[in-house]
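Engineer: let's see this in three dimensions:
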Amino acid sequence: MKNKIKELDVDFIGGQQQPITKEEEFAISAFISKQKAKKQLQAIRRTKTKTSKKSHLPA
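Structural biologist: Sure thing, here's the model as predicted:
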């Protein structure tokens, strides 16, 4: 079976010539943490709405 996507033979993708600074590293970490918390909150909300809808159905 032949792959339709060509593999890239590179060590990294992007145009950074220098490593990221501590401030940039902290900003990225904070953003990822915020996204994880938001995703967990949405999962909790979905779970609550699914269980509450099922409990109101007539027998």
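
Engineer: helices along the protein, start to end?
Structural biologist: Listed in chain order, the helices of the chain (DSSP state H) span residues 22-55.

Engineer: where in it is pLDDT low?
Structural biologist: Confidence mapping of the chain against pLDDT under 70 gives the ranges 1-3, 11-16, 49-59.

Engineer: so what's Lys22 up against?
Structural biologist: For Lys22, no contacting residues are found, by Cβ atoms under 8 Å, 6 or more residues apart in numbering. C-betas here are computed from N, CA, C, even on glycine.

Engineer: what's the spacing between it and Lys34?
Structural biologist: Separation of Lys22 from Lys34 (Cβ to Cβ, to the nearest Å) stands at 19 Å.

Engineer: could you do Thr47 as well?
Structural biologist: As defined by Cβ to Cβ, Thr47 lies at a distance of 21 Å from Lys34.

Engineer: over to Ile5?
Structural biologist: Taking Cβ to Cβ as the measure, Ile5 and Lys34 are separated by 32 Å.

Engineer: okay, the two: which has more neighbours?
Structural biologist: In this view Ile5 and Lys34 are compared by other Cβ atoms under 10 Å, and Lys34 has more residues nearby, 10 against 5.
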